[in-house]
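[1] give me the fold of what follows.
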Amino acid sequence: MVTISVVMPTYNTPVSFLKEAVESILRQTFRDFEFIIVDDGTTDESRQYLEGLTDRRIRIIRNETNIGITKSLNIGFREARGKYIARMDGDDVSLPKRFEKQLACMKSHPNAIACGTKTAKIGRRTFALRRGMEDMERYRVRMLFANPGPVHSTAFFDREKLDQYHIQYDEQLIYAQDYGMWMTISRYGDICVLPEVLGLYRVHAGQISKAHRQSQIMCDKMTQRKLLTQLLGDVTDEESDMHYRYSTGYYRDATLTPQIVGWYDRILAANSQRKIYDQKKLKRRIIRIKRKLINQTFTTEMSIREKAALLFRNLPFPDAVYAVLRNTALRILRTARKNAG
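    Now for the predicted structure:
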């Protein structure tokens, strides 16, 4: 048995991206792995590139037709023979010590079922993404409001635990399948995120997250709705849409309204009864979301008194004071920069 099975689905990926992804795997310092590439019905020149690969660790599985990333992942996972499974995307890059360090992390955390790493975007700008977690209770709270990560192409799974709990990707989720996977596996074990950047994430026009954004949002909502239904019972389409729009942070035009305040009060009241989440951590997450929404509610026409009143009406006293001081400091800083310029 090999130690790690690397599973990488690909479909019409630009050859330059695909070559960089493949070479980044073959350059890993930990070398006891098999590399399963699931060719999801490729029709462009990248197929010739795949056919020319000669490394003995590479196994190529070809789908007769394009069936999508989720089903392709399940095919690759079923074929995996390793004790662990490492995810990879055909347009991303794994840094050389990724497998070495993730393997060490999993061995030192027996309750872990998955491990990710911090990543950096590659393109015009490169910077570390703050995708991590403090503890599983906080992680589960974050999941109720948005996909908490880690970045999918850095995922590293304990295959034996996946088999033990009969875990696979939800094939109803043709996109955003990672969100559904995190929801499922968080019920059975811990998810670790290494603080070191060990993966590079490519941003380009052809990637799924850009080309199929609306479908991805729909799949995000499907996962989120399962969590909301568990907590609240029946949830309408309108409530699901509202929760997504105001909670994820994706919408810069979302402002604090009495309706969304009432919605978050309902979530807190339901959890107080059902005790699914840590109540204090749930409340803190909602406060953070409210603070962001309040900042987006502010207009240039509003006076400082009006802004302060909005903060004190909707946040606990210490948080409101902090927000007032922070916004005042930012206003002073902006004024100073303007005058200096």
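[2] those strands in the stretch 1-150 of the chain, which residues are they?
    4-10, 33-39, 58-62, 84-87, 93-94, 112-122 (DSSP state E, counting those that start in this stretch).
[3] where does this protein dip in pLDDT?
    123-134, 204-211, 317-341 (pLDDT under 70).
[4] now with 80, please.
    122-134, 203-212, 317-341 (pLDDT under 80).
[5] centroid residue for it?
    Closest to where the C-alpha atoms of the chain average out (Cα atoms, centre = their mean) is residue 149, at 2.8 Å.
[6] hmm, back to that, mind putting the strands of the stretch 1-150 of the chain in a markdown table, distance to residue 243 and mean neighbour count included?
    Just so you know, the C-beta spots here come from the backbone N, C-alpha and C atoms, and that holds for glycine as well. Formatted as a markdown table, those follow (distance: least, Cβ to Cβ, whole Å; neighbours: other Cβ atoms under 10 Å):
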| stretch | distance to residue 243 | mean neighbour count |
| --- | --- | --- |
| strand 4-10 | 30 | 25 |
| strand 33-39 | 34 | 23 |
| strand 58-62 | 38 | 15 |
| strand 84-87 | 28 | 25 |
| strand 93-94 | 34 | 25 |
| strand 112-122 | 25 | 22 |
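[7] among the ones you listed, which is nearest residue 188?
    The closest of these to residue 188 is strand 112-122. By Cβ to Cβ, the value is 5.8 Å.
[8] I'd like to know which elements that closest one is packed against.
    If contacts are counted by 3 or more Cβ pairs under 8 Å, 6 or more residues apart in numbering; DSSP states H and E, strand 112-122 sits against helix 98-108, strand 156-158, helix 177-185, strand 190-202.
[9] just the ones you listed: most buried one?
    Most buried of the helices and strands packed on strand 112-122, by mean neighbour count (mean count of other Cβ atoms under 10 Å): strand 156-158, with a mean of 24.
[10] paired strands for it, with orientation please.
    strand 84-87 (antiparallel), strand 112-122 (antiparallel) (DSSP bridges).
[11] what's the domain layout of this protein?
    4-204, 213-340 (automatic domain parsing).
[12] coming back round to it: nearest to residue 264, out of the helices and strands packed on strand 112-122?
    helix 177-185 (20.4 Å).
[13] outside of that closest one, which residues touch it?
    Outside helix 177-185, the residues that touch it by Cβ atoms under 8 Å, 6 or more residues apart in numbering are 69-70, 73, 113-114, 143, 147-149, 152, 155, 157, 162, 165, 167, 169-170, 173, 191, 219-220, 222-224, 226-227.
[14] for that helix, list the C-alpha coordinates in PDB.
    The C-alpha coordinates for helix 177-185 follow below in PDB (Å, rounded to 0.1, in the frame of the first residue of the first chain):
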ATOM      1  CA  GLN A 177     -18.600  20.300  -3.300                       C
ATOM      2  CA  ASP A 178     -16.000  21.100  -0.700                       C
ATOM      3  CA  TYR A 179     -18.500  23.000   1.400                       C
ATOM      4  CA  GLY A 180     -20.700  19.900   1.500                       C
ATOM      5  CA  MET A 181     -17.700  17.700   2.300                       C
ATOM      6  CA  TRP A 182     -16.600  19.900   5.200                       C
ATOM      7  CA  MET A 183     -20.200  19.800   6.600                       C
ATOM      8  CA  THR A 184     -20.200  16.000   6.500                       C
ATOM      9  CA  ILE A 185     -16.700  15.200   7.900                       C
END
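[15] let me have the strands of the stretch 1-150 of the chain in TSV, extended by distance to residue 105.
    Listed next are those as TSV, based on distance: least, Cβ to Cβ, whole Å:
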stretch	distance to residue 105
strand 4-10	13
strand 33-39	16
strand 58-62	25
strand 84-87	11
strand 93-94	15
strand 112-122	5
